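Asks: With the sequence up front, the predicted model follows.
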Amino acid sequence: MHEPFHNKTIALGVSGGIAAYKSVELLRLLTKAEARVRVIMTANAKWFVGPGTFQALSGLPVCTSVFEEGDASIRHIDWARETDLAVIAPATANIIGKLANGIADDALTTFMLAVTAPVMICPAMNTHMYEHPAVQHNLDILQGFGHRIVEPDAGSLACGTVGPGRLAAPADIFEQAAGVLTPQDLKARTVLVTAGPTRETIDPVRFVSNASSGKMGFALAQAAIRRGARVILVTGPVALPDPLQAEVHRVTSAAEMADCVLAQMPAADVIIKTAAVADYRPVQTAEQKIKKTADRLSVAFERTTDILKTIGEQKANRVLVGFAAETQHLQDNARQKLAAKNLDLIVANRIGESGSGFAADTNRVTLFFRDGREEGLPLMAKDALAHALLDRVVPLLPAA
Ligand SMILES: Cc1cc2nc3c(=O)[nH]c(=O)nc-3n(C[C@H](O)[C@H](O)[C@H](O)COP(=O)(O)O)c2cc1C
């Protein structure tokens, strides 16, 4: 299963910037994901957040000095050897300068020279400091060492300036760290994911839609990004934040979804259609709100474009994955859809089962492959299911 932090040791370096408090949040995310986190602080970082906070939350001693009373071990070397990933968040202009020049005058800088695991540097400082040629030059040097620089966000900073320099959000740093620890089996591939319901308008205040929450598609988008893909996500109206680093297109109707998906399709190596697109839309959209007068109201519907079928016809060597939500005859309906839409794989789930289907956080599905294979997966969280599906999509890809 894809749990990138499980049994992994992360070294979290904290230097003396105002954003040091945010590394507490990063530590929480890492420990929740089952990472073993060793925190190494500069002396100045202690001025911003006490080591006790990091110690309590990591459950491990915090290193603040190369030389500690009663400890004759060469800890920075031992720790460096046991590290799977080193993250410095926040990284001050000072620590960036020291690392670029191989200076080792405290615990963190000494450790960083000894570590051979991947390194992520998350700068945070005043905009003028960040834009200073010395800092930019030093960041280029660190990038040249193979370190990953997590760009700071732009916005209003604690010092009152507005511009780049704010520490990237802990969730963003966490996601990038997960990517570093995940095999990049979708690197250089583009994955197009559709998600959510569509809305078909009856009048200015009413529409027909369905209960799709978008969770499965968003989980797939994030999982594919973690595995190195460029991800284009086309979603109907859902209450979910954009997956980090996805190119998100928000649409409303089936017609808009069709236009957007067909425009994005040429770039895609894999297309995964989790969206619950309306099969029918009102023939006419009333210009004014329909008033409550007659006892009965009939609305005539017409077919929408069958996006999946259209894609299937233009599939070429793309991997095409569809979803089927069924209330009955799951196997027959899924197999029929697989063939009719020229799919490589269809993911079928039975609506109405507990823990499965639209708004749930879990799903139990059966997979039907083009070559006739059938595989039932156990009930699992949608995040885990997303990775399980991608595990099965990767072998279907033509060689890059
Ligand atoms: C209130 C305050 C906030 C600071 N915030 C930052 C910051 O966000 N980024 C930065 O590079 N330096 C910041 N500094 C300056 C650093 O603390 C200073 O350069 C220090 O030498 C860094 O030491 P270290 O890199 O060993 O932790 C701040 C200083 C103060 C007093």
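Replies: Yep, that arrived.
Asks: what does the stretch 51-200 of the chain put close to the ligand?
Replies: Within the stretch 51-200 of the chain, the positions adjacent to the ligand are T92, A93, N94, I95, A124, M125, M129 by C-beta under 6 Å from any ligand atom. Glycine gets a C-beta too; all of them are placed from N, C-alpha and C.
Asks: my read: the last one touches P90, true?
Replies: By that I understand M129. No - M129 lies out of contact with P90 (C-beta atoms under 8 Å); the separation is 12.0 Å.
Asks: Can you tell me the SS state at the residue in the stretch 101-250 of the chain positioned nearest to the ligand?
Replies: Closest to the ligand within the stretch 101-250 of the chain is M125: 3.5 Å, counting by C-beta to the nearest ligand atom. Taken by DSSP: H, G, I helix; E, B strand; the rest coil, the conformation at M125 corresponds to coil.
Asks: coming back round to it: possible to save the residues of the stretch 51-200 of the chain next to the ligand as a markdown table with pLDDT, neighbour count and secondary structure?
Replies: Formatted as a markdown table, these follow (pLDDT from 0 to 100; neighbours: other C-beta atoms under 10 Å; DSSP: H, G, I helix; E, B strand; the rest coil):
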| residue | pLDDT | neighbour count | secondary structure |
| --- | --- | --- | --- |
| T92 | 98 | 24 | coil |
| A93 | 98 | 21 | helix |
| N94 | 98 | 18 | helix |
| I95 | 98 | 27 | helix |
| A124 | 97 | 28 | coil |
| M125 | 96 | 26 | coil |
| M129 | 96 | 19 | helix |
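Asks: Can you pull up the most central residue in this structure?
Replies: Closest to where the C-alpha atoms of the chain average out (C-alpha atoms, centre = their mean) is Q222, at 3.0 Å.
Asks: Go ahead and confirm that one touches A246.
Replies: Yes - between Q222 and A246 there is a contact under C-beta under 8 Å: 7.4 Å.
Asks: Not counting residues beside it along the chain, what's closest to the residue in the stretch 301-400 of the chain positioned nearest to the ligand?
Replies: Closest residue of the stretch 301-400 of the chain to the ligand, C-beta to the nearest ligand atom: D383 (33.0 Å). Leaving aside its sequence neighbours, D383 sits nearest to A219 (C-beta to C-beta, 6 or more residues apart in numbering; 5.0 Å).
Asks: which non-adjacent residue is nearest A89?
Replies: For A89, ignoring the flanking residues on the chain, the nearest one in space by C-beta to C-beta, 6+ apart is C122 at 3.8 Å.
Asks: Please list all residues in contact with the closest residue to D84 other than its chain neighbours.
Replies: Closest residue to D84 apart from its sequence neighbours, by C-beta to C-beta, 6+ apart: K8 at 4.4 Å. Going by C-beta atoms under 8 Å, 6 or more residues apart in numbering, K8 touches A35, R36, D84, L85, L181.
Asks: Scan these and report the most crowded one.
Replies: Compared across the contacts of K8, A35 has the highest neighbour count, 26 neighbours, by other C-beta atoms under 10 Å.
Asks: What about V180, how many residues nearby?
Replies: 17.
Asks: give me every residue that touches the residue nearest to it when sequence neighbours are not counted.
Replies: With C-beta to C-beta, 6+ apart as the criterion, V180 has its nearest non-adjacent residue at 5.1 Å, and that residue is P118. Going by C-beta under 8 Å, 6+ apart, P118 touches L85, A86, G146, R148, V180.
Asks: What is the nearest of these to T304?
Replies: Proximity of the contacts of P118 to T304, judged by C-beta to C-beta, is greatest for V180, which lies at 41.7 Å.
Asks: Looks like the closest one contacts L85 (just checking).
Replies: Yes - if you go by C-beta under 8 Å, V180 and L85 touch, sitting 5.8 Å apart.
Asks: anything in contact with each of those two?
Replies: Overlap of the contact sets of V180 and L85 (by C-beta under 8 Å, 6+ apart) consists of P118, M120.
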